[in-house]
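Peer 1: Sharing a model prediction with you, sequence too.
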Amino acid sequence: MASAGREIELKLRIARADVPRLLRHSAVRAARRAPARTARLVSIYFDTADDALARAGIALRLRRDGTRWVQTLKGPADSGSGAGIASRPEFEHPLARGAQPPPLEPAQWAATPWRAVLDAAHQDHLVPRFATDFSRTTVPVALDEGTRAHLCVDIGEVRDGRGGASPIAEVEIELDEGALAPLYRLAERLCAGVPLAVETRSKAARGYALTRPAAARPARAAHPPIGSDDAAAPALQTLLRACARQIADNADGVLCDDDPEWIHQLRIGTRRLRSCLALLRDTVPEERRAAVAGDAQWLARALGPARDLDVLVDETLPALQPAIDAARPLARFARRADEARRQAREAARAAVASPRFTRLLLGAGELAATPRLGVLAGAPAADALAQPARAFARPWLARRHRKLLRLARKLPDATPEERHAIRLAAKRLRYVTEFFADAFPGRRTRAYRKALARLQDALGAQVDAQVALRIAYAMEGTASPAAQVLEAHIARNAASADAALMRRWRAFRACPRFFPH
């Protein structure tokens, strides 16, 4: 009979050379409750030829630990995942001992939610797809709040059976019992002495990447469903994890790929995290959120120049080129801007590769894992966090809507700086509507979101042109030939751009609100 449980682990990346230093770390020595054990683990992962299980988010493996084989089935990650934590249902079933792997036992999955998928895959012929072979050093640890866990260091590789291999060098802090936040605190202490990074990919994901290579794609914002009756505190914790997950999932792409969409999506994730943290301002103690908010602001500033130059080089200038006569000064400016973009991208990569980036993710994760987000039971703010998410969201939606209306009174005659402030207000309102849209189901919500998105796009197009102008002056001085071209283009298009913007503004203003005034 398979034993049902839940695997909850915090996964970190480590360089092999740093493993001895990690195991000698004072935080590990202080928390260790039994001697370390090292074992070789060999696992074989099964799927159909077209990876039906992977598409369903399921992993099925046989693992040999010593002479014992264990059949393990893992389900899709749940809403508790994010910020380095992987949380998923897990079913384990001991099998026979021996050097050779025993056959799979379909009875294991008979009582699982994925029985139909697994039965169909079994009939379609499950085959070995890849294998992992690594040495695991396990240290049982006792942490604060009565939490017990296992710190595991895995060194080895995943192999596809055709000569392809990918290295494994990672740390897993797996929860046995107790609270989740102490896992983050242990990881934060470890990071103070050993270079570590949040690892977002499972071993199975790396195995599938070997068997069916495909270009990685930037991770867009996820919108976890927030029900109208869900309590505010767990809803906000879920949102924090979702924002941190988008940041973490785009980190490797920023480091390894020149596609500007990686930085764009990482920046969106950072802005969403900052907006989510702002929702905690009236309830969560400042000392609980200050460090995460400061690190998120730092990351936003580190990514900003690279994103602005990406938009300039890839969108603004190409759109201008066919419509202008003075192509030569613009071409010179484009070359300088492209070099500046290269430097800004390297600065963004340095930020993502830094310990502070890891600290941001761990700090966000710890905050999301802290009961009531750190608010003491019985405190006035605890009542606000215990109310339904819908009730919590209403005043925030109304407040941000009013701010946008107030700022946009100047819209017809607004300066570029004032339009930028209006755009930011629209963006912040949009993030809150996206966070809580599912708590307000209905046509009004959908119509409001659509009108707000169209307004933000129109504001963005105008602000992007002004950013291009600002960059031209910064690079070439007050006599910038490129700035003159850009100013002329902005002036030529001002009337039509303003008319389009005002149409969208009027459409948004006329759109009924889905929340009380």
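Peer 2: Nice, thanks for sending it over.
Peer 1: pLDDT weak spots in this structure?
Peer 2: Where the chain drops to pLDDT under 70, the residues are 1-4, 321-327, 517.
Peer 1: In space, not sequence, find me the middle residue of it.
Peer 2: Relative to the mean C-alpha position of the chain, the nearest C-alpha, by Cα atoms, centre = their mean, is the one of residue 246, at 1.7 Å.
Peer 1: Nearest residue to it in space, please, no chain neighbours.
Peer 2: Residue nearest to residue 246 in three dimensions, not counting chain neighbours: residue 269, with 3.4 Å by Cβ to Cβ, 6 or more residues apart in numbering. Every C-beta, even on glycine, is put in place using the N, C-alpha and C of the backbone.
Peer 1: where's the helix or strand hosting the one you found relative to the chain centroid, distance-wise?
Peer 2: According to DSSP states H and E, residue 269 maps onto helix 260-278. Between the centre of helix 260-278 and the centre of its chain there are 8 Å (Cα atoms, centre = their mean, to the nearest Å).
Peer 1: And for stretch 77-89?
Peer 2: Relative to the centre of its chain, stretch 77-89 is centred 12 Å away, using Cα atoms, centre = their mean.
Peer 1: Please work out which residues outside it touch it.
Peer 2: 4-12, 57, 74-76, 112-113, 180, 183-184, 187, 198-200, 202, 224, 238, 240-242, 244-245, 248, 361-362, 364-365, 368-369 (Cβ atoms under 8 Å, 6 or more residues apart in numbering).
Peer 1: what's near enough to touch residue 306?
Peer 2: Shown in contact with residue 306 (Cβ under 8 Å, 6+ apart): 260, 263, 341, 344-345, 347-348.
Peer 1: which one of the residues you listed has the most neighbours?
Peer 2: Highest neighbour count within these: residue 263, with 26 neighbours (other Cβ atoms under 10 Å).
Peer 1: how far away is that residue from residue 471?
Peer 2: 16 Å (Cβ to Cβ, to the nearest Å).
Peer 1: swap in residue 110?
Peer 2: Distance of residue 110 to residue 471, computed by Cβ to Cβ: 62 Å.
Peer 1: just to revisit the earlier point, and the residue nearest to residue 246, how many neighbours does it have?
Peer 2: 27.
Peer 1: and what of residue 213?
Peer 2: Neighbour count of residue 213, defined by other Cβ under 10 Å: 9.
Peer 1: Same check on residue 447?
Peer 2: Residue 447 has 14 neighbouring residues, counting by other Cβ under 10 Å.
Peer 1: and it, what helix or strand is that in?
Peer 2: Using DSSP H and E, residue 447 sits within helix 443-476.
Peer 1: Same question for residue 61.
Peer 2: Using DSSP H and E, residue 61 sits within strand 59-65.
Peer 1: the helices in the stretch 251-400 of the chain, which residues?
Peer 2: With DSSP state H, counting those that start in this stretch as the definition, the stretch 251-400 of the chain shows helices at residue ranges 260-278, 286-311, 317-320, 327-352, 355-369, 380-386, 389-408.
Peer 1: What residue, apart from its backbone neighbours, is nearest residue 371 spatially?
Peer 2: Excluding the flanking residues, the one nearest residue 371 by Cβ to Cβ, 6+ apart is residue 179, at 7.6 Å.
Peer 1: how would you label that neighbour: helix, strand or coil?
Peer 2: coil (DSSP: H, G, I helix; E, B strand; the rest coil).
Peer 1: List the contacts of it.
Peer 2: Contacts of residue 179 were listed using Cβ under 8 Å, 6+ apart, and they are 145-147, 369, 371.
Peer 1: ditto for residue 190
Peer 2: Residues in contact with residue 190 (Cβ under 8 Å, 6+ apart) are 12, 22, 25, 27-28, 171, 196.
Peer 1: For burial, what's the neighbour tally of residue 283?
Peer 2: 23.
Peer 1: how close does it get to residue 396?
Peer 2: Distance from residue 283 to residue 396, by Cβ to Cβ: 11 Å.
Peer 1: Take the contacts of stretch 77-89 and keep only those in strands.
Peer 2: If you go by DSSP state E, those have 4-12, 74, 198 in strands.
Peer 1: Tell me the buried residues within those residues.
Peer 2: Listed as buried from those are 7-12, 74, 198; burial here means 16 or more other Cβ atoms under 10 Å.
Peer 1: Touching, the residue nearest to residue 246 and residue 251? I think so.
Peer 2: No: using Cβ atoms under 8 Å as the test, residue 269 is too far from residue 251 to be in contact (9.7 Å).
Peer 1: Give me the subset of the contacts of residue 190 lying in strands.
Peer 2: 12, 171, 196.
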